[in-house]
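Visitor: Okay, predicted coordinates and the sequence, questions at the end:
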Amino acid sequence: MTGAAGVLALVLLWIGYLHRNRRITWLQAVADRLGTYFNQPGWVALPLALFLATILTALLGFIWDVSLHVGKGRDAGPLANPAHYFILVGLFFLFMAGMAAIVLPLDEKPGPAAVRITRTWYAPVGGILLAGAGLYALIGFPLDDVWHRIFGQDVTLWGPTHLMLIGGAGLSLIGVLLLEFEGRHNRPRPDEPDSRRMWLLRSFAFGGLLIGLSVFQVEFDFGVQQFRMVFQPMLIVAAATVSLVAARLVLGRFSTLVVVGFAVVVRTIVALLVGGPIIDAPRNVFPLYLGIALVVEVLALLPLVRRPVLWGALCGLAAATVGLWLESLWVDAMFVNPWPASIWPELLAMSVPVGVAGGVIGGMLGTVLRGEPLPRPAVRRTLVVAAVLIVGAAVANGLAHTVPENATATVTLTEAPQQNGERMVFADVRLTPADLVSDDPEWLEILGWQGGVGSESPGRGLVVDRLERVEAGHYVSTAPVPVSGSWKTVLRVQDGRMHTALPVFMPADPGINAEEVPALNTFTRPFVPEITVLQRERSFDYPSWLFGAASLVVLACSLILVAALSWGAGRINDRYPHTTRSAPAEPVASA
């Protein structure tokens, strides 16, 4: 895979060299033709066309990849998973789109913020950021393979190198929006007003940003989250505030509804492709964001909207309270795990600071894209650093959990009719101690997964049964669960900070020297850290310091990307002339 990407990169570098030395003209001709259609310079139009075509490919590959891990388990190798090809192609062409923006300008300096590369070669800031985000994501591919060789297969979305892949793709949309801003101020026909077409494209870019920041939640979308429930609302409010606050400032009235509508359409199409008869993998749902969009639209009626940073903070506060309450109605109706009443105190403690921080970042991003002055450098840097620290503190709190000592469950299995040859059972569960779980836990369920995708498999490889409470410490299943074949069936509990599990059935796995854990008719087993059950393939045979050090390397790369995006936005804001601060722009009416 690396060899193929390297060969393609050499071909593209050769084309870029020929273009820079004016030995070919077709690349400029294609870019200029697209630029004429959109009234954008070619160094914006061609990269945006490449980006729009490829980011959707990467999204499909990503959701497909997660569904395969949920339904089938670990990969036999990096080339054994067909979804990996979609991801790699999407991320490679994302990087290529950024490089096209860097290579294309020949006889011009692409705007006052452009970065000088040679005496006569200047690159737009947005192109540099887009290429950087794509490179950051691509680096995650070989690092992921190295990571698995050292630490085993971490079958979770939140593996550090997995976060590089999805984080680079998601944050690349900020580079796209900044590149489009640079193009907007260097149009071939500057006196021609913006068309409805460009307004819609910007809306779709903000919709892409909303989707990109939402992919961190995808484990919750499938109902196989391996981290505490409180992360889901925090991640929802973070994605919504950054995207929707900036969109409302830039695009005007009702734009957040268009952005949310675009995100819903794209996620629906991908969900139907993955969970429908074409790919036939486990189904997924996704956040709606409509409640938060309505909150932002209402708050945009206030005069405070003329002060974007403060208004963004207010939007973040409202999104993390009223907006999340509205979103919870959708979550309760559509998701496997609704939000219990008991989660709300910690939910608010994490989501409100993150929402305010996200609103401030969204307000500053919107300010840049509107061409209005940001706060002075010391203030805006402090705000960005504070936002990063707030998110970091919330993540650290969410990761904190406990595993009960001397706690067990006695499980009695009752046979149910087989499904396609799979042994199916009902479970009667008695916890010791009886007061181990409160009356309102985040979840107490039996999860069966990795049974094999396809309509012939129960649940297409994923079955989740939320247990019904009979009395304190006594629970029964409401639907049969599989306990044979390749299924990994687990009793899971998350109640406040307690996060634990025990195996009901585990197949023998010679690849990791694991013996079968049989589904006896009656058994008593201790609760253990959930990671040792759900991530059975992980290896813990390494020095204790190594995992922390490797994670810090990934964190450093991520902070470099955040710093680069902040630098790019600040540079553009400082170098371009500012417009007079006013109410947010309204959608254009011209065709």
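Guide: Structure's in. What do you need? Residues are numbered from 1 along each chain as shown.
Visitor: what's the spacing between stretch 424-441 and its chain's center?
Guide: Chain-centre distance of stretch 424-441: 33 Å, with C-alpha atoms, centre = their mean, to the nearest Å.
Visitor: Which positions in it come out as buried?
Guide: Neighbour-count burial for stretch 424-441, counted by 16 or more other C-beta atoms under 10 Å, picks out 424-431, 436-437, 441. Every C-beta, even on glycine, is put in place using the N, C-alpha and C of the backbone.
Visitor: first vs last residue of that stretch, how far apart are they?
Guide: 26 Å (C-alpha to C-alpha, to the nearest Å).
Visitor: Residues contacting it, please?
Guide: The contact list for stretch 424-441, computed with C-beta atoms under 8 Å, 6 or more residues apart in numbering, reads 340-342, 404, 407-418, 444, 446, 458, 467, 469, 472-477, 480-483, 491, 493-496, 498, 504, 519.
Visitor: Any of these buried? List them.
Guide: Neighbour-count burial (16+ other C-beta under 10 Å) applied to those gives 340, 342, 404, 407-409, 411, 413, 444, 446, 458, 467, 473, 475-477, 480-483, 491, 493-496, 498, 504, 519.
Visitor: What about those residues, which are in strands?
Guide: Among those, the ones falling in strands (DSSP state E) are 408-409, 411, 413, 444, 446, 475-476, 481-482, 491, 493-495, 498, 504.
Visitor: Check those and tell me the two furthest apart.
Guide: The largest separation in those, counting by C-beta to C-beta, is between Pro482 and Met498 at 26.3 Å.
Visitor: one step back: quick one: which of the ones in strands among the buried ones among the contacts of stretch 424-441 is nearest to Leu290?
Guide: The closest of those, once distances to Leu290 are taken by C-beta to C-beta, is Gln494, at 27.0 Å.
Visitor: For the closest one, name its beta-bridge partners.
Guide: Trp443, His499 (DSSP bridges).
Visitor: what sits against it?
Guide: The contact partners of Gln494, taken as C-beta under 8 Å, 6+ apart, are 228-229, 441-444, 500.
Visitor: ok, now Ala313?
Guide: With C-beta under 8 Å, 6+ apart, Ala313 has these contacts: 356, 359-360, 363.
Visitor: now with 7 Å?
Guide: By C-beta atoms under 7 Å, 6 or more residues apart in numbering, the contact list for Ala313 reads 356, 359-360.
Visitor: One more: Gly485?
Guide: The neighbours of Gly485, taking C-beta under 7 Å, 6+ apart as the test, are 422, 451, 507.
Visitor: run the last query once more with 10 Å
Guide: Counting by C-beta atoms under 10 Å, 6 or more residues apart in numbering, Gly485 makes contact with 420-423, 450-452, 457, 505, 507.
Visitor: Likewise for Gly127?
Guide: By C-beta under 10 Å, 6+ apart, the residues touching Gly127 are 43-44, 47, 97-105, 110, 114-115, 175-176, 178-179, 182, 568.
Visitor: nearest to Leu561, of the ones in strands among the buried ones among the contacts of stretch 424-441?
Guide: Gln494 (31.2 Å).
Visitor: For the closest one, report the pLDDT, please.
Guide: The score at Gln494 is 97. That number is its pLDDT.
Visitor: Same question for Leu177.
Guide: Note for Leu177: predicted pLDDT of 96.
Visitor: Which residue, other than its chain neighbours, is closest to Gly126?
Guide: Nearest non-adjacent residue to Gly126, counting by C-beta to C-beta, 6 or more residues apart in numbering: Leu179, 2.5 Å away.
Visitor: just to revisit the earlier point, any chance of JSON lines for the contacts of Gln494, columns pLDDT and distance to Leu34?
Guide: Converted to JSON lines, the contacts of Gln494 look like this (pLDDT from 0 to 100; distance: C-beta to C-beta, whole Å):
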{"residue": "Arg228", "pLDDT": "96", "distance to Leu34": "46"}
{"residue": "Met229", "pLDDT": "97", "distance to Leu34": "45"}
{"residue": "Pro441", "pLDDT": "96", "distance to Leu34": "54"}
{"residue": "Glu442", "pLDDT": "97", "distance to Leu34": "49"}
{"residue": "Trp443", "pLDDT": "97", "distance to Leu34": "49"}
{"residue": "Leu444", "pLDDT": "97", "distance to Leu34": "55"}
{"residue": "Thr500", "pLDDT": "97", "distance to Leu34": "55"}
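Visitor: Mark which of those residues are buried, thanks.
Guide: Among these, those classed as buried by 16+ other C-beta under 10 Å are 228-229, 441-444, 500.
Visitor: circling back to that earlier point, quick one: which of the contacts of Ala313 is most hemmed in?
Guide: Greatest neighbour count in the contacts of Ala313, by other C-beta atoms under 10 Å, goes to Gly359: 34 neighbours.
Visitor: in what helix or strand does that residue lie?
Guide: helix 344-369 (DSSP states H and E).
Visitor: Mind giving me the packing neighbours of that helix?
Guide: On a contact count with 3 or more C-beta pairs under 10 Å, 6 or more residues apart in numbering; DSSP states H and E, helix 344-369 meets helix 160-184, helix 196-214, helix 231-251, helix 290-299, helix 308-318, helix 324-334, helix 377-399, helix 544-575.
Visitor: give me that answer again for 7 Å
Guide: Other elements packing on helix 344-369 under the criterion 3 or more C-beta pairs under 7 Å, 6 or more residues apart in numbering; DSSP states H and E are helix 160-184, helix 231-251, helix 308-318, helix 377-399, helix 544-575.
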